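Asks: Give me a model of this one.
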Amino acid sequence: MEPREIRARLSRIHKDAFGWAMVCCGRDEDLATEVLQQAYCRILAGDAAFAGRSEFSTWVFGVIRRVALEETSRRARRRARLHAIRHRAGRSTSAPDIAHSGIEQRELAERLCSALERLSARQREVLHLTFYQEMTVEQAAKVLSISVGSARQHYERGKAALHRILASSGEFQQ
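Replies: Residues are numbered from 1 along each chain as shown. Alright, predicted model coming up:
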């Protein structure tokens with residue numbers, strides 16, 4: 001695939017790719033932006049090559065997920081080193097938790113996001129890919145590098161758990 005065509009395809013799916021990066025980065029907008037930039041750089045530099053065995057967007061989402069995992073691991077190692085340094089220096093290691101708010105959402109969307117956060121990470125990922133990215137469960141399994149059976153199980157359990165959470169809060173009536 002030509003670089004020009006890759007850029008055009010990335011441009012068409014950018015909004016969805018950013019949404020997926022946000023999910024992979026725990027809704028940390030700064031981290032999601034960095035991860036997405038790194039993923040695009042790898043793709044455009046040819047370090048991640050599209051082989052055509054899946055849809056382009058499915059492949060891109062997989063690249064984003066791998067970059068997010070690498071970046072969050074790198075940051076965790078860095079935090080652990082800083083913690084060790086502070087501990088040796090006798091300083092307090094507790095720092096205020098700074099929440100990144102991202103784009104303001106309407107009240108209902110916030111409650112839905114809150115309910116989604118109560119799901120397991122894998123259930124949340126599968127539901128995001130199937131509902132927001134309109135992927136099939138099979139495509140989501142490819143993005144997440146899990147079996148289709150496992151993806152289906154997380155999909156069904158995630159939907160059931162989300163239904164229970166929303167029903168108990170009065171957001172959803174049967």
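Asks: Flag the shaky bits of this structure, pLDDT-wise.
Replies: Scanning the chain for pLDDT under 70 picks out the ranges 81-83, 85-109, 170-174.
Asks: what's the domain layout of it?
Replies: Following automatic domain parsing, one finds the domains of the chain at 1-103, 104-174.
Asks: so who does residue 38 touch?
Replies: Contact analysis of residue 38 by CB atoms under 8 Å, 6 or more residues apart in numbering lists 67, 71. In this view, the C-beta of every residue, glycine as well, is placed from N, C-alpha and C.
Asks: how does it look with 10 Å?
Replies: 21, 47, 63, 64, 67, 68, 70, 71 (CB atoms under 10 Å, 6 or more residues apart in numbering).
Asks: which of the residues in the longest helix along the chain are buried?
Replies: If you go by DSSP state H, the chain has its longest helix at helix 56-89. Neighbour-count burial for helix 56-89 flags 56-68, 71-72 (criterion: 16 or more other CB atoms under 10 Å).
Asks: Let me see the ranges of the strands in the chain.
Replies: Secondary structure of the chain by DSSP state E: no strands are present.
Asks: still on that earlier bit, please state the offset of the longest helix of the chain from the chain centre?
Replies: Taking CA atoms, centre = their mean, to the nearest Å, one finds the center of helix 56-89 at 13 Å from the center of the full chain.
Asks: same question, stretch 121-131
Replies: 9 Å.
Asks: Kindly format the C-alpha coordinates of that stretch as PDB.
Replies: Extracted C-alpha coordinates of stretch 121-131, given in PDB (Å, rounded to 0.1, in the frame of the first residue of the first chain):
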ATOM      1  CA  ALA A 121     -10.900  -4.100  31.100                       C
ATOM      2  CA  ARG A 122     -11.400  -6.900  28.600                       C
ATOM      3  CA  GLN A 123     -15.200  -6.600  28.600                       C
ATOM      4  CA  ARG A 124     -14.900  -2.800  28.200                       C
ATOM      5  CA  GLU A 125     -12.500  -3.200  25.300                       C
ATOM      6  CA  VAL A 126     -14.700  -5.800  23.500                       C
ATOM      7  CA  LEU A 127     -17.900  -3.600  24.000                       C
ATOM      8  CA  HIS A 128     -16.100  -0.500  22.800                       C
ATOM      9  CA  LEU A 129     -14.900  -2.200  19.600                       C
ATOM     10  CA  THR A 130     -18.300  -3.800  18.900                       C
ATOM     11  CA  PHE A 131     -20.600  -0.900  19.800                       C
END
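Asks: No further queries at this time; thank you.
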